[in-house]
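> fold the following for me, if possible:
(chains A, B, C and D)
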There are 2 protein chains.
Amino acid sequence: MTASFDVRDFRDPADTDGSKPSDYPTQLCRICDINRETSLCARLSKDEFTRVLSMRDQFQFPPLHTIFREGDRAQHIYALTSGSVKLYKLLSDGRRQIVGFLFPGDVFGLTNDEGYPYTAETLNQASTCRFPQKVLGQSRDMAPMLERRLFDLAVRELMRAHEQMLWLGRKTALERLASFLASLAKRAVERGQPESPIALPMSRSDIADFLGLTIETVSRTFTHLKKLNVIVIPDNSHAVLNNPSLLNKLAEGGGD
Amino acid sequence: MTASFDVRDFRDPADTDGSKPSDYPTQLCRICDINRETSLCARLSKDEFTRVLSMRDQFQFPPLHTIFREGDRAQHIYALTSGSVKLYKLLSDGRRQIVGFLFPGDVFGLTNDEGYPYTAETLNQASTCRFPQKVLGQSRDMAPMLERRLFDLAVRELMRAHEQMLWLGRKTALERLASFLASLAKRAVERGQPESPIALPMSRSDIADFLGLTIETVSRTFTHLKKLNVIVIPDNSHAVLNNPSLLNKLAEGGGD
DNA sequence: CGGTAACTTGACTTAAATCAACAATAGTGG
DNA sequence: CCACTATTGTTGATTTAAGTCAAGTTACCG
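You can find the predicted model right below:
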């Protein structure tokens, strides 16, 4: 893994006006360090991995950058290699539902339609690995295991989506926030990171739009959890877990 | 397609007590008529299709029958060939979220974990086609295209889940019910059925648990749609579409 | 028919939204 | 390093959409 692979120019396909900060590095200068245990490329043979590397290209994006918009022609599948990303859908009057927060190892951009079904935007500086959708058609020869990994990751996303449907449809504000924090902690552990403190790279407004609440309710509910001594908020982008078992109990509605 | 394939005994794997109605046919007596255009088996070669048929077994279930429960050991992937099925998750206090209604051509039972992530229950008499989860491992040789189809169907489910998250998190009761009816109509058309009347094989209580509402609110909202002359309800399991374009407008929040 | 379950409608309550200040935080430039 | 401003987050007062409670009504099934 010391060879130098081809690295393309960074160009924003969704951005036609030149209003983005131009002082930002527009070239990707390092090899994306794919975590071969948990990522899309996990369990690939050395040969297959090399072929996969030749099909993909890499991009690094600044914070708050739109990678693609809902409805844009879906030409690529993305794998997040570092940083975090939010996916959201909009209604015509501006109401927004965030359908997922992504961390390294997650994939996005999967669709059956012509266009992407959501907008993808970075929360902080993020690196992605990208494959043309059409390589899927050839992938049985080129990279049979890659298709299998994509399927597994799609199924995982589907299970997460079902879980969030339960939160949105049937849980109270307190249960939703507790579930959200518990889920972030669990995913951090799955990526080999500590359970606490929980990193919160997203704003209160993002959390609100993820949980189907308003920012005011999210804020009040954070205060509630603090008063219950379940969490401590040292700064607004971190939550220290004081009582993980109570958090899980509250998440499941056992907080009476 | 006139050969007679092996047909197994009907046995409910989730049901250990013998409390089910015993007068119900417990043998599957006809070949499941897979719609080769839209189903899991679409686009398979004749050879592959034959091999797939040898891997699967078939079951027919009575109405309101639990096919498997959330947490049951996930050993099979199911494809629905006739009838309709609901998938739901429960909280310990009985609150329920229906995460999907399924119609012929849909798949269910996909999971990464040991157990199924939801309970699957028939709405009416339903037939399924079933594959051991483990055939996926061998399927690259046995049926390469099958895996591809499964992936496509999983992606379609994921897109539907994201859509429903928008309904649950950000839409009003009227918008949710309008979206639901519009979606049922659209899916019926995709299966080659007429747009109207819309079949409603599920109860008001099921609709409520799907849309994150109460039965009372669902009932009031149906009345609202009737008063707007968008629909007519000849009987409680059918809705005639009087004004599809207004329905779609209401679904997207343009009903002011 | 008769009785139960499913659905509808109305009166009232409530969890979360909205409206309105206010406080903390993070940049920005002197 | 410290004001100055803009943005983000918190808290309180009030409103509202949907929930709850309580009758009715209709439909279904033996």
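> CA only for contacts and neighbour counts going forward, please
Will do.
> nearest residue to the middle of chain A?
The geometric centre of chain A, computed from its C-alpha atoms, lies nearest to A:Leu102 (CA atoms, centre = their mean), at 0.8 Å.
> for that residue, give me its contacts.
Taking CA atoms under 8 Å, 6 or more residues apart in numbering or on different chains as the definition of contact, the neighbours of A:Leu102 are A:Leu80, A:Ser84, A:Val85, A:Lys86, A:Leu87.
> how about A:Val85?
Listed by CA under 8 Å, 6+ apart, the contact set of A:Val85 reads A:Phe101, A:Leu102, A:Phe103, A:Ala120, A:Glu121, A:Thr122, A:Leu123, A:Asn124, A:Ala126.
> if you rank the contacts of A:Leu102 by neighbours, which is first?
Compared across these, A:Val85 has the highest neighbour count, 28 neighbours, by other CA atoms under 10 Å in any protein chain shown.
> look up how far B:Val232 lies from that one.
Separation of A:Val85 from B:Val232 (CA to CA, to the nearest Å): 44 Å.
> how is chain A carved up into domains?
A:1-170, A:171-251 (automatic domain parsing).
> lowest-scoring secondary structure element of chain A by mean pLDDT?
Within chain A, judged by mean pLDDT, DSSP states H and E, the helix or strand with the poorest mean is helix A:135-142; its value is a mean of 69.
> may I ask which of the contacts of A:Val85 has the most neighbours?
Among those, where neighbours are counted by other CA under 10 Å, the top count belongs to A:Ala120, at 25 neighbours.
> and stretch A:46-63, how far from the chain's centre?
The gap between where stretch A:46-63 is centred and where its chain is centred comes out at 18 Å by CA atoms, centre = their mean, to the nearest Å.
> just give me the lowest mean pLDDT stretch among the domains of chain A.
Mean pLDDT per stretch puts domain A:1-170 lowest among the domains of chain A, at a mean of 77.
> show me how far that one is from its chain's centre.
Offset of domain A:1-170 from its chain centre (CA atoms, centre = their mean): 9 Å.
> before we move on, what about stretch A:225-242?
The chain centroid and the centroid of stretch A:225-242 are separated by 23 Å, computed with CA atoms, centre = their mean.
> in it, what counts as buried?
A:Leu225, A:Val230, A:Ile231, A:Val232, A:Ile233, A:His238, A:Ala239, A:Val240, A:Leu241, A:Asn242 (16 or more other CA atoms under 10 Å in any protein chain shown).
> identify the residues contacting stretch A:192-209?
With CA under 8 Å, 6+ apart as the contact definition, stretch A:192-209 has outside contacts at A:84, A:96-98, A:123-124, A:181, A:184-186, A:188-189, A:214-215, A:217-219, A:236-241, B:169.
> return the residues of chain A in contact with DNA strand C.
Proximity of chain A to DNA strand C is confined to A:Lys171, A:Thr172, A:Ala173, A:Leu174, A:Gly212, A:Leu213, A:Thr214, A:Glu216, A:Thr217, A:Asp235, A:Asn236 under the rule CA under 7 Å from any atom of the strand.
> surely the last one is within a helix?
No. Assigned with DSSP: H, G, I helix; E, B strand; the rest coil, A:Asn236 falls outside any helix and is coil.
> and it, what does it touch?
By CA under 8 Å, 6+ apart, the contact list for A:Asn236 reads A:Leu200.
> let's go with 10 Å and repeat that
A:Ala199, A:Leu200, A:Pro201, A:Met202, A:Ser203, A:Arg204 (CA atoms under 10 Å, 6 or more residues apart in numbering or on different chains).
> go back to these and keep what's next to DNA strand D.
Restricting the contacts of A:Asn236 to those touching DNA strand D (CA under 7 Å from any atom of the strand) yields A:Ser203, A:Arg204.
> which ones among the contacts of A:Asn236 map onto helices?
For the contacts of A:Asn236, membership in helices holds for A:Arg204, with DSSP state H as the criterion.
> my guess is A:Thr81 meets A:Arg191, correct?
No. Under the criterion of CA atoms under 10 Å, A:Thr81 lies out of contact with A:Arg191, with a separation of 11.6 Å.
> more neighbours: which of these two?
Regarding A:Thr81 and A:Arg191, a neighbour count based on other CA under 10 Å identifies A:Thr81 as having more, with 24 against 15.
> quick one: the helices in the stretch 51-200 of chain A, in order.
Remark: helices of the stretch 51-200 of chain A, listed N- to C-terminal, are A:135-142, A:144-170, A:173-190; assignment by DSSP state H, counting those that start in this stretch.
> just name the most buried of those.
With neighbours defined as mean count of other CA atoms under 10 Å in any protein chain shown, the helices of the stretch 51-200 of chain A peak in mean count at helix A:144-170, which reaches a mean of 22.
> that helix and chain B in contact?
Yes. Residues of helix A:144-170 are located near chain B by CA under 10 Å from any CA of the partner chain, namely A:144-145, A:147-148, A:150-170.
> what's the answer for stretch A:125-133, then?
No. Taking CA under 10 Å from any CA as the criterion, stretch A:125-133 and chain B are apart, separated by no less than 12.3 Å.
> ok, now stretch A:61-69?
No. For stretch A:61-69, no contact with chain B is found by CA under 10 Å from any CA; the gap never falls below 15.1 Å.
> using CSV, write out the CA atom coordinates for that stretch.
This file holds the C-alpha atoms of stretch A:61-69, laid out as CSV (Å, rounded to 0.1, in the frame of the first residue of the first chain):
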residue,chain,number,x,y,z
PHE,A,61,-14.4,18.0,0.5
PRO,A,62,-14.4,21.1,2.8
PRO,A,63,-17.0,21.4,5.6
LEU,A,64,-20.6,22.2,4.7
HIS,A,65,-20.0,21.2,1.1
THR,A,66,-22.8,19.8,-1.1
ILE,A,67,-21.4,16.6,-2.7
PHE,A,68,-24.6,16.1,-4.8
ARG,A,69,-28.2,17.3,-4.7
